[in-house]
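Novice: sharing a model prediction with you, sequence too.
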Amino acid sequence: MKPIPYGRQHITEEDIQAVVETLKSDYLTQGPKINEFESAFANYIGARYAVAVSNGTAALHLCALALNVQPGKKVITTPITFAASANCIRYCGGEVVFADIDPVTYLLDIEAVRKILAASPKGTYAGIVPVDFAGRSVNMEAFKMLADEFGLWIIEDACHAPGGYFTDSKDVQQMCGNGNFADLAIFSFHPVKHIACGEGGMITTNNKELYEKLLTLRTHGITRHDQLFINPKDWAAGNTTEQVTHFPGWYMEMQELGYNYRLTDFQAALGLSQLKQAEKGLERRKEIALNYANAFHGKPWLTGQSGFKEGHAYHLYIIEVKERLGLYNHLRSKNIFAQVHYIPVHVMPYYREQGHTFGDYPNAEEYYSRCLSLPMYPTLTAQEQEYVIKTILEFYSE
């Protein structure tokens, strides 16, 4: 059997042609494909606005900047995530506070968050960064109610969950990142994600003011909108003797410190093409998840949840098992490259230097000791998945 990774991209001939056409066009960056991709993605998610950026980490950083995270600001997030969910707060000098996970869902435990908030005066904390981990949606309605109670903003890290949803109190399916509850949401287009751009990210929001701020921050803090210019027209025109009624066409202003976090047009072209396949890919991920759930149901070596879940986008299919290290090594010996998601962020040496330590979040650490992500991607064949399942069952039958 050829190597089976835990995740991989699927690039079609249509994808390649879309990129080639853009490479042959007049624009490689800052061209029309960016707006096309943003509009199509916002429509897919159900948000009003979308801002394409260079990667998911850049998206998180811009969100923190747009929400005015500053030194001393405290923000709560989960320890079971990729480090960028926390790092974006540190980039701005803010203080990261972790809350433990729910051991059933693996998501940020809202009651743990409430306990932290209730233990300090209102105003101590600025925001929350919940993560739709593995593709399972956080109940954003509940988090929005909590955030409103304590005067907090929300950044929803939905990198794992395009197409995922939860059902709200009115029995309405709420798509991850649709902006109905979070101030801002972010997505990633890394190759192992649902939509691949090579690298890339997207921010979605329903807030026009935040949207416009993000557009400026994405490009060095520069604006070309003459209604926003601060310097006088005459000076901008070069102190000409002619009467100046408008700012000249070349003029622009850097009005705040921004970054070059732009996505290229050929990446956007790939994203647009990939987006057309998103629903098909999501359905295949659900089929794979259901096969795993049926194959492992009731097995005594499982120590955590493995059943099929509605609304889950299945970026990852995670099992919790006994003898995790032995299984991991056995799978590798059979050319199956499972992975562990994630090492808890709070025990990374950097965050230990910030005052966190082992034992702070027992649910997260217990989960880490047993979790394993199995191969999960739309082009995983039935034969390959059968081989993965058979290899796991054989390991525990020995």
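Specialist: Structure received.
Novice: how near is the residue sitting furthest away from the middle of the chain to residue 296?
Specialist: Outermost residue of the chain with respect to the C-alpha centroid, by C-alpha atoms, centre = their mean, is residue 241; its distance is 53.0 Å. From residue 241 across to residue 296, the span is 81 Å (C-beta to C-beta, to the nearest Å). Backbone N, C-alpha and C define where each C-beta goes, glycine included.
Novice: that older thread, got phi/psi on the residue farthest from the centre of the chain?
Specialist: phi -80, psi -10 (degrees, to the nearest 10).
Novice: next: the one 10 residues further on.
Specialist: In terms of degrees, to the nearest 10, the main-chain angles of residue 251 are phi -80, psi 140.
Novice: list the contacts of it.
Specialist: By C-beta atoms under 8 Å, 6 or more residues apart in numbering, the contact set of residue 251 is 224, 226, 229, 236, 237.
Novice: which residue packs closest to the most centrally placed residue in the chain, ignoring adjacent ones?
Specialist: Nearest residue to the geometric centre of the chain (C-alpha atoms, centre = their mean): residue 159, 2.0 Å. The shortest distance from residue 159 to any non-neighbouring residue, by C-beta to C-beta, 6 or more residues apart in numbering, is to residue 188 (3.9 Å).
Novice: wait, residue 64 sits on residue 89?
Specialist: Yes - Residue 64 is within contact range of residue 89, at 5.8 Å (criterion: C-beta atoms under 8 Å).
Novice: contacting residues around stretch 296-312?
Specialist: Outside stretch 296-312, the residues that touch it by C-beta under 8 Å, 6+ apart are 103-105, 134-137, 164-167, 173, 286, 289-290, 292-293, 318-323, 367, 370-371, 389, 392-393, 396.
Novice: show me how far stretch 273-284 is from its chain's centre.
Specialist: Averaging C-alpha positions (C-alpha atoms, centre = their mean, to the nearest Å) puts stretch 273-284 17 Å from its chain's average.
Novice: still on that earlier bit, quick one: the residue nearest to residue 159 and residue 162, what's the gap?
Specialist: When residue 188 is compared with residue 162 (using C-beta to C-beta), they lie 9 Å apart.
Novice: now swap in residue 16 and tell me
Specialist: 22 Å.
Novice: is residue 137 in contact with residue 167, as I believe?
Specialist: No - the criterion here is C-beta under 8 Å, and residue 137 misses it with residue 167 at 9.2 Å.
Novice: the two: who's more crowded?
Specialist: Of the pair residue 137 and residue 167, residue 137 is the one with more neighbours under other C-beta atoms under 10 Å, namely 27 against 14.
Novice: circling back: only the buried subset of the contacts of stretch 296-312, as a PyMOL command please.
Specialist: Restricted to buried positions by 16 or more other C-beta atoms under 10 Å, the PyMOL selection for the contacts of stretch 296-312 reads:
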select buried, resi 105+134+135+136+137+164+165+166+286+289+292+293+318+319+320+321+367+370+371+389+392+396
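Novice: now, which of the contacts of stretch 296-312 lie within strands?
Specialist: 165, 166, 167, 173, 318, 319, 320, 371 (DSSP state E).
Novice: how about the helices in the chain?
Specialist: Secondary structure of the chain (DSSP state H): helices at 13-23, 32-45, 56-66, 84-91, 110-118, 140-150, 208-218, 233-236, 265-275, 278-296, 324-333, 349-353, 362-368, 382-397.
Novice: quick one: contacts for residue 97?
Specialist: By C-beta under 8 Å, 6+ apart, residue 97 lies in contact with 74, 75, 76, 77, 116, 125.
Novice: let's see 10 Å
Specialist: Going by C-beta atoms under 10 Å, 6 or more residues apart in numbering, residue 97 touches 74-77, 86, 89, 113, 116-117, 120, 124-125, 128, 346, 354, 356.
Novice: what pLDDT is listed against it?
Specialist: Residue 97 is assigned 98 on the pLDDT scale.
Novice: 50 is where my numbering starts, stick with that
Specialist: Will do, 50 is the new start, and the previous item becomes residue 146.
Novice: how about the residue nearest to residue 208, what does it touch?
Specialist: The contact partners of residue 237, by C-beta under 10 Å, 6+ apart, come to 104-109, 131, 133, 206-209, 211, 243-246, 248-251, 364.
Novice: list the buried residues in stretch 422-435.
Specialist: Result for stretch 422-435 [16+ other C-beta under 10 Å]: buried residues 422, 423, 424, 425, 426, 427, 429, 433, 434.
Novice: distance to residue 259 added to the residues you listed, as CSV?
Specialist: Formatted as CSV, the buried residues of stretch 422-435 follow (distance: C-beta to C-beta, whole Å):
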residue, distance to residue 259
422, 33
423, 37
424, 38
425, 33
426, 33
427, 33
429, 38
433, 43
434, 42
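Novice: can I get those in CSV with distance to residue 357 and pLDDT?
Specialist: Output for these, formatted as CSV (distance: C-beta to C-beta, whole Å; pLDDT from 0 to 100):
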residue, distance to residue 357, pLDDT
422, 16, 98
423, 14, 98
424, 17, 98
425, 13, 98
426, 17, 98
427, 17, 98
429, 16, 98
433, 19, 98
434, 14, 98
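Novice: filter the residues you listed down to the ones in strands?
Specialist: 422, 423.
Novice: nearest to residue 61 among the buried residues of stretch 422-435?
Specialist: Comparing these against residue 61 with C-beta to C-beta places residue 427 closest, at 11.0 Å.
Novice: distance check, that closest one against residue 59.
Specialist: 6 Å.
Novice: and what of residue 153?
Specialist: 31 Å.
Novice: do the same with residue 105
Specialist: In terms of C-beta to C-beta, residue 105 sits 19 Å off from residue 59.
Novice: before we move on, what about residue 358?
Specialist: With the distance defined as C-beta to C-beta, residue 358 ends up 23 Å from residue 59.
Novice: next: residue 210.
Specialist: 18 Å.
Novice: looking at those two, which is more packed in?
Specialist: A direct count of neighbours by other C-beta under 10 Å for residue 210 and residue 59 places residue 210 higher, at 30 against 15.
Novice: next one: phi and psi at that one?
Specialist: The phi and psi values for residue 210, taken as degrees, to the nearest 10, are phi -130, psi 30.
Novice: give the contact list for it.
Specialist: 180-187, 224-226, 234, 236, 242-243, 360-364.
Novice: kindly report the same for residue 226.
Specialist: Taking C-beta under 10 Å, 6+ apart, one finds 90-91, 93-96, 99, 181, 186, 189, 205-208, 210-214, 233-236, 251-254 in contact with residue 226.
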